[in-house]
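Chemist: pasting the sequence and the predicted coordinates here, then a few questions.
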Amino acid sequence: FMLLMCFTLMFCVVSVTNVPPLHSTIRPGSPVPMNTNNPGVHKAARFGVYRYNNSSNDLFLFKESQIKKAMVQIVRGLKYMLHVEIKRTVCEKRDHASLDSCHFQRKKNLQQMLRCYFEVWITPWTHTVHIPIAHC
């Protein structure tokens, strides 16, 4: 699947998602493990981080540091279930920096790591992303 997701009028994210082959022991619609290095998993994790950053009161932006576990369920699109560690960056929210160019915080007193669970539901044919769960 190919997904073009736009956040505000300033930037869009393109995601190419590879769905693992269904094995005979896996029922259609059941969640299946995904490789945490999968590009679709990384894009889904970033959507979860955007949701966290938009709802937090922190002065700094957070960015995913490690994807611990990933599963995907095919249900009217792709529903990713992700366990992700996110860390505070040096980029302040008011600067609206691209997360790709934000480095993790180096000052000991400002470092922070959170363990999060994100559910990210991507519907490619409607070009939508819904994040019903973002717990950190």
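Modeler: Everything's here; your move. Note that this is a predicted model, so its numbers are computed, not measured.
Chemist: so where is the chain shaky, pLDDT-wise?
Modeler: Along the chain, segments meeting pLDDT under 70 span 1-28.
Chemist: for it, what spans make up the helices?
Modeler: Here the chain has its helices, by DSSP state H, at 39-55.
Chemist: residue contacts, Val72?
Modeler: Neighbouring residues of Val72 by Cβ atoms under 8 Å, 6 or more residues apart in numbering: 19-20, 31-32, 34, 40-41, 78-81. Where you see a C-beta, it was placed from the backbone N, CA and C, and this is true even at glycine.
Chemist: buried members of these into ChimeraX, please.
Modeler: Typed into ChimeraX, the line below selects the buried ones among the contacts of Val72, using 16 or more other Cβ atoms under 10 Å:
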select :32,34,40,41,78,79,80,81
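Chemist: Phe118 and Tyr50 touch, don't they?
Modeler: No. With contacts counted by Cβ atoms under 8 Å, Phe118 stays clear of Tyr50, the gap being 10.2 Å.
Chemist: with neighbour numbers in mind, choose between the two.
Modeler: For Phe118 and Tyr50, the more surrounded residue by other Cβ atoms under 10 Å is Phe118, and the numbers stand at 27 against 20.
Chemist: for the more buried one, give its distance to Met34.
Modeler: According to Cβ to Cβ, to the nearest Å, Phe118 and Met34 sit 13 Å apart.
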